[in-house]
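In: coordinates for the following, if possible.
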Amino acid sequence: MWLAASKFRADPWYRGAEVDALSKQEAAIVAAGLVRRVQAKVEISAETAKTLETGLTQAIIKAYNHGYVGQPE
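Out: This is a model prediction of the structure:
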C-alpha cells in the first residue's frame, strides 16, 4: 500500500540529476556488454577492451544528451 501511495506524492521520486546519473550508469552497462560481445568474437587486449568500453560509454552518453549521434541536423 505504501508503494502505491508514494507514486502519488506531490514531489516525484526522480530528479533530473538522478536520471542523468542512471543514464550514465546504463551507458556503461551497455558499453560493457558490447565489449564482451566483441571479445567473444575477436581476441583483443585488456587495454584495447577498456579503451573501447570507455569510448562507447562516452558515445552513448553523448547520444543521450544531444540526440542520436548520426542524426542529420
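
In: longest helix in the chain, by residue count?
Out: The residue-count maximum for a helix in the chain (DSSP state H) belongs to helix 16-41.

In: report the distance from that one to the chain centre.
Out: 4 Å (C-alpha atoms, centre = their mean, to the nearest Å).

In: and the closest residue in space to residue 54 that isn't next to it in sequence, what does it touch?
Out: Spatial nearest neighbour of residue 54, chain neighbours left out: residue 31 (7.8 Å); criterion: C-beta to C-beta, 6 or more residues apart in numbering. C-betas here are computed from N, CA, C, even on glycine. Shown in contact with residue 31 (C-beta atoms under 8 Å, 6 or more residues apart in numbering): 53, 54, 56, 57, 60.

In: quick one: the fourth one from residue 63, how far?
Out: Distance of residue 57 to residue 63, given as C-beta to C-beta, to the nearest Å: 11 Å.

In: quick one, which of these two is more surrounded?
Out: Shown here are residue 57 and residue 63; by other C-beta atoms under 10 Å, residue 57 has more neighbours (21 against 14).

In: now that one: how far from residue 17?
Out: When residue 57 is compared with residue 17 (using C-beta to C-beta), they lie 18 Å apart.

In: re the thing from before, now do the buried residues in the longest helix of the chain.
Out: Of the residues in helix 16-41, 27, 28, 31, 35, 38 count as buried by neighbour count, 16 or more other C-beta atoms under 10 Å.

In: stretch 51-63 too?
Out: Those would be 52, 53, 56, 57, 60, 61, for stretch 51-63 by 16+ other C-beta under 10 Å.

In: helix or strand: which one has the fourth one?
Out: Which is residue 57. Assigned by DSSP states H and E, residue 57 belongs to helix 46-66.

In: right, I'll leave it there.
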